[in-house]
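**Student:** Fold the stuff below for me.
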Amino acid sequence: MKNLTDKTELIFGYGSLMSYRGLFREKNTEILDVFRVRIKGRRGFAKPSSSNIICMDIDDFMLKGNTIKIDPQPGSVEGLLIKIKQVNFPKYCRREGYFNGNKLITFSSDYECIGEALWALFQKSIDIDPIQSIKEYRKNLKKAINYTSEHYIPHPLDLGDLGFAITFIAPGKYGTGNASLTSRKEERNISHLLDITDVLKRKFLDKEAFLNYTLDCLYGGVHGINIRDIINLIPKDSEFYKNVQKNLTKETINEEKICFANVIIGNIEFYEEKFGKIDQNLKRSGLNSILNF
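**Tutor:** This is a model prediction of the structure:
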């Protein structure tokens, strides 16, 4: 049995956690390693935040995945897998509006990691219907630790050779696991994934903050993560598209690469060995299609 200080967790980020900008928007903890990973599913804007923006969510997902190969695959969501010390896990939970990460550490004490413990719980929740399986998992998680959230809820991922990871998915049609707790999506009447046009129609949206959040997601493309599905949510003839282009400059893209490489990987050489050259990454991710230089 590992000591708590030796335990680590893997977190799969498919939104702002894909870039240095997003990861270190606030003062962050040490990241031990990073990988590019894909899971089956669809991605879009759907989760209202407490800061008047609408964040990323996924739907029609499978809780299994793998490291990405050379070519992007249709019907999958690519993101960044980050490895952290388990003692730092509650901080990432709080970022997602889930305020009892410490209970998950206690709950998983007999397992190698929280991801493994949640995977075992999910196996006990599986139903013939995939949606019902998620509903049952959330109910069982609520029973196990006497807590759930109207924001994001941690779900396990089986990543094969990489082990078990955690990703945060917003409750909506799947419920929070507590019949008396309404999700933020339900409060704002969001039942499906939204594109930019839908988001901008929403009242009380902080448009500047939402633009910055979207950029945090798009900068994941600097590292070769396929973000074409996010780009396709932005109408090319829109003012929002022009504002995105205006912010995606040679200087900001280079800054994203250098900060990610030096702070997370260690140096540019190791970064390029693991993630590839910038031109290759921009092409693979699809980010080159939106650049205006």
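**Student:** Regarding residue 57, which helix or strand does it belong to?
**Tutor:** In the assignment (DSSP states H and E), residue 57 maps to strand 54-59.
**Student:** What strands line up against that strand, and which way round?
**Tutor:** Strand 54-59 has the following strand partners under DSSP bridges: strand 42-48 (antiparallel).
**Student:** which residues sit against the strand it pairs with?
**Tutor:** 14, 54-61, 75, 77, 151-152, 170, 172, 184-185, 187-188, 190, 192-196, 198-199, 229-230, 233 (C-beta atoms under 8 Å, 6 or more residues apart in numbering). To be clear about C-beta, it is placed using only N, CA and C from the backbone, and glycine gets the same treatment.
**Student:** In helices, which of those residues fall?
**Tutor:** Counted as lying in helices by DSSP state H, out of the contacts of strand 42-48, are 184-185, 187, 196, 198-199, 229-230.
**Student:** which of those tops the neighbour count?
**Tutor:** residue 230 (28 neighbours; other C-beta atoms under 10 Å).
**Student:** pretty sure that residue contacts residue 219?
**Tutor:** No. Taking contacts as C-beta atoms under 8 Å, residue 230 lies outside contact range of residue 219: 10.9 Å.
**Student:** Just the C-alphas of stretch 175-188, formatted as CSV.
**Tutor:** Provided in CSV are the C-alpha atoms of stretch 175-188 (Å, rounded to 0.1, in the frame of the first residue of the first chain):
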residue,chain,number,x,y,z
GLY,A,175,-28.6,14.0,-12.9
THR,A,176,-26.4,14.9,-10.0
GLY,A,177,-27.0,11.7,-8.0
ASN,A,178,-29.2,13.6,-5.6
ALA,A,179,-32.8,14.1,-6.6
SER,A,180,-33.1,17.3,-4.5
LEU,A,181,-30.0,18.9,-6.1
THR,A,182,-30.6,20.6,-9.5
SER,A,183,-27.6,20.9,-11.8
ARG,A,184,-26.3,24.2,-13.1
LYS,A,185,-27.2,23.0,-16.6
GLU,A,186,-30.8,22.3,-15.6
GLU,A,187,-31.0,25.7,-13.8
ARG,A,188,-30.0,27.4,-17.1
